[in-house]
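In: sequence and computational prediction follow.
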Amino acid sequence: MRRQSARESSARTYARTLPIVPVRARGLTIEGADGRRYLDCLSGAGTLALGHNHPVVLAAVRQVLDSGAPLSVLDLATPVKDAFITELFRTLPPGLAGRARVQFCGPAGTDAVEAALKLVRTATGRSGVLAFTGAYHGMTAGALAVSGGAPEVQAARLPYPQDYRCPFGVGGPRGAELAARWTESLLDDPKSGVPLPAGMILEPVQGEGGVLPAPDDWLRRMRRLTADRAIPLIADEVQTGVGRTGAFWAVDHSGITPDVLVLSKAIGGSLPLAVIVYRDDLDVWQPGAHAGTFRGNQLAMAAGTATLAYVRENGLAERAGRLGARVMEQLRADLGGLACVGEVRGRGLMIGVELVEPEGTEEPAFGAGSAAVGRGGAEFLDHRFATGPSGDGAHGAYDPSAAASGRKPGAHDFGAAPSGGG
Ligand code: PMP
C-alpha cells in the first residue's frame, strides 16, 4: 500500500527522521509496523502524564462512548464537564481554588494562551505584556508575540534567570537578583518609556527554551512586583503541569498564586483540551466575547478527569520529584564528564541535557541535539565527541537585542532530552 504521508506538508517536524510507523502503544512503549518495540521519548510532546493508553484513561473514554453522551457539547454544561471541573479544582493552588473561574479555550495550548492575553488586556484596558527571553507560548500570532525566539518580536526581552548561561555572567541567586532588578527598573524608571502593561506571562520552568527552571525566589519576586503594580500574572503551565516537575503545578514549588493559569497538554489525558483558570474578578468577558468551536470535547474532558484524579490519588507528582532527582544524579554521573555536555538540569522529571561544542567554550552545539535524539543518537554521543571535562565560563553580558533577534539557542538547537516537551 502506498504510504499517504508523503503527501503531508514539509512542515511536519516531530520525529521526522525517525523510521518508525507507530501502530500500537502502551505505557512507555510504541510498537512499529515492523513489529519492533520502541521506548517512546517523545511522550506525545508532554501530553502523556500516564503514558500511552493507560487503563483508567481508556475506561473513562469508553464510558463516555458507551453512555451515548454527545461527544461535542460546545459551551453546554454536562455531567462529564462538571466532573472535569470538580477534579481540576481539587488540584489548584489553594490561593486560586477558592476564587477561580475556568474557561475552556479550544484544543491547543496556544488557544489558551491567546485567551489569557485577551483576558488581561480586556480586564486592565491596557495592551503591552511583559515576557521573557527563551519563552515559548505557542504558534498563533499573540502567543508568538510573547515568545522569545521569534526574531521579529520585541516583546520577549526581559532576562529569564539561569545559571549555566546566565545573561549577567554570574548565575545563582545573584544572577536571579540582577534579572529581577532589570524587570523592576524597566517598570519603575520613567526613562524606560514602558507604559504599565496589561500583564506578565512566564513559564515556571521554560520548556522549549531549554528546560530552564526559574528559581523560586525569582518567581516570588515577580509575583510581588506584579501584585504591587496591579499587573495580572499569567503562569503558562501548558508543559509543566500535572505533576511533571515534582509538584502538581510547577508554581506550587514557590507557593505563588498566579492570576491566570494556562493549562493544556496532559490535562486532556492525551486528547486535545486547553483551559485557563483565573481569579474571578478578572472575569470581565461579555457573553460571546471569546468563543471557539472545539471547546466541548467530552472525550478529552473524561480522559482529563481520569488523568488528574489518578495523578492526585497516587501521589505521582511526588514520585516524579523523587525519580527526577535520581535520573538527574545518574545523568550527571554518566554524562557530566563528556566534553559535549554543558549541563544536566531540570525539575522533577522535566529534565534537559544541554549539548555544547566540545572545545570548552560553552557554545551551543547547533544541530547536535537533533542528531543525538534522532537515528543513531547513541552512536553520535559515543563517536562524535571525545570525553573530557567541559570547560567553564564564557558568559557574556546580558544583551536583550541578541535574545530578541533569535540568536539565543532553543531546545531544538542544543538538545533537551528526554524530549517530553514540544
Ligand atoms: N506553552 C508552552 C509552555 C508550551 O510548551 C507549548 C507547547 N510546547 C504551548 C504553550 C503551545 O501548546 P500547543 O502546541 O498545544 O499549541
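Out: All right, it came through fine. Numbers count the residues shown, from 1 in each chain.

In: tell me the domain ranges of the protein?
Out: 1-40, 60-313, 315-391+412-422 (automatic domain parsing).

In: worst mean pLDDT among those domains?
Out: Lowest mean pLDDT within the domains of the chain: domain 315-391+412-422, at a mean of 73.

In: just to revisit the earlier point, please identify the deepest-packed of the domains of the chain.
Out: Ranked by average neighbour count under the criterion mean count of other Cβ atoms under 10 Å, the domains of the chain are headed by domain 60-313 at a mean of 20. Using the backbone N, CA and C atoms, a C-beta is placed for each residue, glycine as well.

In: so where does the most centrally placed residue in the chain fall, helix or strand?
Out: Nearest to the mean C-alpha position of the chain, counting by Cα atoms, centre = their mean, stands Gln239 at 2.7 Å. Assigned by DSSP states H and E, Gln239 falls within no helix or strand.

In: that one and Ile231: what is the separation?
Out: As judged by Cβ to Cβ, to the nearest Å, Gln239 and Ile231 stand 23 Å apart.

In: what sits against the residue in the stretch 51-200 of the chain that the ligand sits nearest to?
Out: Relative to the ligand, the nearest point of the stretch 51-200 of the chain is Gly109 (2.4 Å; Cβ to the nearest ligand atom). Taking Cβ atoms under 8 Å, 6 or more residues apart in numbering, we find Gly109 in contact with 137-138, 236, 238-239, 262, 264-265, 274.

In: His253 contacts Ala247, correct?
Out: Yes - judged on Cβ atoms under 8 Å, His253 makes contact with Ala247 at a distance of 5.1 Å.

In: so which bits of the stretch 51-200 of the chain are right by the ligand?
Out: 108-110, 113, 136-138 (Cβ under 6 Å from any ligand atom).

In: ok so, going back, could you dump the contacts of Gly109 to JSON lines with secondary structure?
Out: JSON lines is the format used below for the contacts of Gly109 (DSSP: H, G, I helix; E, B strand; the rest coil):
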{"residue": "His137", "secondary structure": "coil"}
{"residue": "Gly138", "secondary structure": "coil"}
{"residue": "Asp236", "secondary structure": "strand"}
{"residue": "Val238", "secondary structure": "coil"}
{"residue": "Gln239", "secondary structure": "coil"}
{"residue": "Val262", "secondary structure": "strand"}
{"residue": "Ser264", "secondary structure": "coil"}
{"residue": "Lys265", "secondary structure": "helix"}
{"residue": "Ala274", "secondary structure": "strand"}
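
In: now flag whichever of these is closest to Leu355.
Out: Among the contacts of Gly109, Gln239 lies closest to Leu355 (Cβ to Cβ), at 20.2 Å.

In: which one is Leu48 nearest to, not counting chain neighbours?
Out: Setting aside the residues directly before and after it, Leu48 is nearest to Ser270 in space (Cβ to Cβ, 6 or more residues apart in numbering), at 5.5 Å.

In: against the ligand, how distant is that neighbour?
Out: 12 Å (Cβ to the nearest ligand atom, to the nearest Å).

In: how about that residue, what does it touch?
Out: Contacts of Ser270 (Cβ under 8 Å, 6+ apart): 44, 47-48, 52, 57, 303, 307.

In: which of those sits closest to Val205?
Out: Comparing those against Val205 with Cβ to Cβ places Thr47 closest, at 16.7 Å.

In: who touches that closest one in this structure?
Out: By Cβ under 8 Å, 6+ apart, the residues touching Thr47 are 265-266, 268-270.

In: same check on Gln162?
Out: Counted by Cβ under 8 Å, 6+ apart, Gln162 has contacts 134, 171, 175, 212.

In: what strand or helix carries Leu144?
Out: helix 141-145.

In: just checking, what packs against that helix?
Out: helix 109-124 (3 or more Cβ pairs under 8 Å, 6 or more residues apart in numbering; DSSP states H and E).

In: just give me the longest helix of this structure.
Out: In the chain, with assignment by DSSP state H, the single longest helix is helix 316-335.

In: then the helix holding Leu144 to CSV, C-alphas only?
Out: Presented in CSV, the C-alpha positions along helix 141-145 are these (Å, rounded to 0.1, in the frame of the first residue of the first chain):
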residue,chain,number,x,y,z
ALA,A,141,0.1,35.4,16.5
GLY,A,142,-0.5,36.5,20.1
ALA,A,143,1.4,33.6,21.6
LEU,A,144,4.3,34.2,19.2
ALA,A,145,4.4,37.8,20.1
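
In: numbering from 582 from now on, please.
Out: Got it, first residue is 582 now, which makes that one helix 722-726.

In: where exactly do the strands run in this protein?
Out: For the chain, the strands defined by DSSP state E occupy 603-607, 610-613, 618-620, 681-687, 710-713, 737-739, 780-783, 786-787, 793-794, 814-817, 841-844, 855-860, 922-928, 931-936.

In: run me through the strand neighbours of the third one, direction for each.
Out: Okay, so that is strand 618-620. When pairing is defined by DSSP bridges, strand 618-620 lines up against strand 610-613 (antiparallel).

In: any chance you could give me the partner strand in PDB, C-alpha atoms only?
Out: The C-alpha coordinates for strand 610-613 follow below in PDB (Å, rounded to 0.1, in the frame of the first residue of the first chain):
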ATOM      1  CA  THR A 610       6.400   1.700  24.600                       C
ATOM      2  CA  ILE A 611       5.400   2.200  21.000                       C
ATOM      3  CA  GLU A 612       5.100  -0.700  18.600                       C
ATOM      4  CA  GLY A 613       6.100  -0.100  15.000                       C
END
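
In: residues making contact with it?
Out: 601-606, 618-621, 633.

In: where's Gly613 relative to the ligand, distance?
Out: Taking Cβ to the nearest ligand atom, one finds Gly613 at 25 Å from the ligand.

In: distance of that residue from Ala872?
Out: In terms of Cβ to Cβ, Gly613 sits 41 Å off from Ala872.

In: for Pro939, same thing?
Out: 53 Å.

In: check Thr628 too.
Out: Where Ala872 is concerned, Thr628 sits at a distance of 24 Å (Cβ to Cβ).

In: next, the contact list for the nearest residue to Ile848 once chain neighbours are set aside, please.
Out: Spatial nearest neighbour of Ile848, chain neighbours left out: Gly885 (5.0 Å); criterion: Cβ to Cβ, 6+ apart. Gly885 sits next to 665, 668-669, 848-850, 852, 854 when contact means Cβ under 8 Å, 6+ apart.
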